[in-house]
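Participant: 3D model of this:
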Amino acid sequence: MLGPRAARAGAGTGAGPGGVPRTAAEAAAAVDAVLAQHLHARVAEARSVDAVFADEVATRVAEFVLRGGKRLRTAFVWCGWLAAGGTGDPGTPLRVGAALELLQACALVHDDVMDESPVRRGAPAVHADFARTHREGGMRGSAASYSATAAVLAGDLALAWADDLLTETALASPYGERLFQEWQAMRGEMVAGQYLDMRAQATGSSDPAQARTIATLKSAYYTVARPLALGACLTGASAGALDGLRSAGRCAGLAFQLRDDLLGAFGDPAVTGKPADEDLRSRKLTCLLAAALRLAVETGDTEALAVLGPEGGGAGTVDRMRAALERTGARAAVEEEITELSGASLRHFADTGADPRARREFAALVARAVGAVPNGEGA
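Facilitator: Numbers count the residues shown, from 1 in each chain. You can find the predicted model right below:
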């Protein structure tokens, strides 16, 4: 049985007549009802297989999916659908959005295992929750090994549910083949970005080009460009329109990742729902870190090079790393690039021929994701 959030999902979405969302923000809220219905059926299927599996894995995944998240990918699907005309059943982009939220759940669960992150969405990460179950149940063996393995399986289940929902939607759509092709490309990019991210940490890379590639694959394409294109595919958008939306999404997605980099270094855990020093302690290769190292080289800041370099990182140096990010001018440079990328994304979006309503929705969504956008760009 799903928790109370599932029971409440879909309530108070503020949708228009007939329950149809009027805005991307309403679509992001309305997707919870789609997810709750889909997850209820998936948990029931799991219970028919085995009660323990249903209680400890399927229900845990379902409740994690419904526990929170900005639902940005759903909102960008809606914007892409609107930009390409917004024709057909409005429930279809919501189902695509729900599939993306399930895929995101898989990515987060696996990411937390790889990064050994204890907290997600303001609560224990899935692997941390499995570790608690292991300890409280007096199970044999290592709680760490058990919890990591169980969380990988939980993430796999979320991925299977995502693929199932997308496939069902594609089969019911006259543009299903194009929809699936976009989905297929996105999954490959997501895994590539995650692997390159992991590899960069293992090699101690400081390469700005590699940092940009990782940000593009892990965030720009996955968070914005592909969701926009997935939404547009549902209306049979032209190849030119899809290319324009992907360009808009790439710029907005990079801006989103740069904002996330800043939050990862300077953010408030009470707002972000995760530790603020995690990226610094692990010396994660971000565009922010790469920019700081480049600027440190240019200015001869040896202290910044020492604390931010491959041998840097660690709990004892977090404050010094933050100071170096500020002193080198990297924080200010990243803020400036966020503004430039946000403006470029809105111009690319307008160039697709999207109507004023779609342009306003996209501008509001970009502002929500990355902060204020240039005045007049979303008009």
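
Participant: By mean pLDDT, point me to the weakest helix or strand of the protein.
Facilitator: Among the helices and strands of the chain, helix 4-8 carries the lowest confidence by mean pLDDT, DSSP states H and E, at a mean of 41.

Participant: chain center to stretch 23-30: distance?
Facilitator: Relative to the centre of its chain, stretch 23-30 is centred 16 Å away, using Cα atoms, centre = their mean, to the nearest Å.

Participant: Is residue 60 in a helix, a strand, or coil?
Facilitator: When classified by DSSP: H, G, I helix; E, B strand; the rest coil, residue 60 comes out as helix.

Participant: neighbours around it, how many?
Facilitator: By the criterion of other Cβ atoms under 10 Å, residue 60 has 21 neighbours. (C-beta placed from N, C-alpha, C; glycine too.)

Participant: correct me, but it touches residue 129?
Facilitator: Yes. Counting by Cβ atoms under 8 Å, residue 60 touches residue 129, with 6.8 Å between them.

Participant: where exactly do the strands run in the chain?
Facilitator: Using DSSP state E, the strands of the chain run over 119-120, 123-124.

Participant: closest one to residue 187 among those strands?
Facilitator: strand 119-120 (21.1 Å; Cβ to Cβ).

Participant: neighbouring strands for the closest one, and are they parallel or not?
Facilitator: strand 123-124 (antiparallel) (DSSP bridges).

Participant: contacts for the partner strand?
Facilitator: For strand 123-124, contacts defined as Cβ atoms under 8 Å, 6 or more residues apart in numbering pick out 67, 118, 132.

Participant: Now the buried members of the residues you listed.
Facilitator: Applying 16 or more other Cβ atoms under 10 Å to these, the neighbour count classes residue 67 as buried.

Participant: Serialize the contacts of strand 123-124 to TSV and add fields for pLDDT.
Facilitator: Formatted as TSV, the contacts of strand 123-124 follow (pLDDT from 0 to 100):
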residue	pLDDT
67	90
118	85
132	90
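
Participant: Could you check the pLDDT of residue 338?
Facilitator: Model confidence at residue 338, given as pLDDT, is 96.

Participant: What values do phi and psi take at residue 85?
Facilitator: The phi/psi pair for residue 85 (degrees, to the nearest 10) reads phi 120, psi -20.

Participant: Can you give me the neighbour number for the nearest residue to it once chain neighbours are set aside?
Facilitator: Sequence neighbours aside, residue 235 is the residue nearest to residue 85 in space, at 4.7 Å (criterion: Cβ to Cβ, 6 or more residues apart in numbering). When neighbours are counted by other Cβ under 10 Å, residue 235 registers 20.

Participant: ok, residue 290 - contacts?
Facilitator: 206-208, 210-212 are the contacts of residue 290 under Cβ under 8 Å, 6+ apart.

Participant: again, only this time at 6 Å
Facilitator: By Cβ atoms under 6 Å, 6 or more residues apart in numbering, the contact set of residue 290 is 208, 211.

Participant: distance of it from residue 54?
Facilitator: Residue 290 sits 45 Å away from residue 54, going by Cβ to Cβ, to the nearest Å.

Participant: Could you report the neighbour count for the residue nearest to residue 337 when sequence neighbours are not counted?
Facilitator: The shortest distance from residue 337 to any non-neighbouring residue, by Cβ to Cβ, 6+ apart, is to residue 258 (6.1 Å). Using other Cβ under 10 Å, residue 258 has 26 other residues around it.

Participant: and of the strands of the chain, who's closest to residue 244?
Facilitator: strand 119-120 (34.2 Å).

Participant: how far is the closest one from where the chain is centred?
Facilitator: Per Cα atoms, centre = their mean, the centroid offset for strand 119-120 relative to its chain is 14 Å.

Participant: In this structure, where is pLDDT below threshold?
Facilitator: 1-19, 270-276, 312-316, 372-379 (pLDDT under 70).

Participant: re the thing from before, could I get the strands of the chain as a markdown table with distance to residue 219?
Facilitator: Below are those laid out as a markdown table (distance: least, Cβ to Cβ, whole Å):
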| stretch | distance to residue 219 |
| --- | --- |
| strand 119-120 | 17 |
| strand 123-124 | 23 |
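
Participant: who wins for proximity to residue 296 among the ones you listed?
Facilitator: strand 119-120 (30.9 Å).

Participant: For the residue lying farthest from the centre of the chain, grab phi and psi.
Facilitator: Relative to the C-alpha centroid of the chain, counting by Cα atoms, centre = their mean, residue 300 is the outermost residue, at 36.1 Å. Main-chain torsions, residue 300, degrees, to the nearest 10: phi 70, psi 30.

Participant: Next: residue 267.
Facilitator: According to degrees, to the nearest 10, residue 267 has phi -70, psi 160.

Participant: Adjust the sequence numbering to begin at 36 for everything that follows.
Facilitator: Renumbered: residue one is now 36, and that last one reads residue 302.

Participant: what's near enough to touch the residue nearest the centre of the chain?
Facilitator: With distances taken as Cα atoms, centre = their mean, residue 258 lies nearest the centre of the chain, 5.3 Å away. When contacts are counted by Cβ under 6 Å, 6+ apart, residue 258 touches 288, 291.

Participant: How about residue 115?
Facilitator: Residues near residue 115 by Cβ under 6 Å, 6+ apart: 263, 266-267, 280.

Participant: neighbours of the closest residue to residue 291 other than its chain neighbours, just the number please.
Facilitator: Distances taken as Cβ to Cβ, 6+ apart place residue 404 nearest to residue 291, at 4.8 Å, with adjacent residues excluded. When counting by other Cβ under 10 Å, one arrives at 22 neighbours for residue 404.
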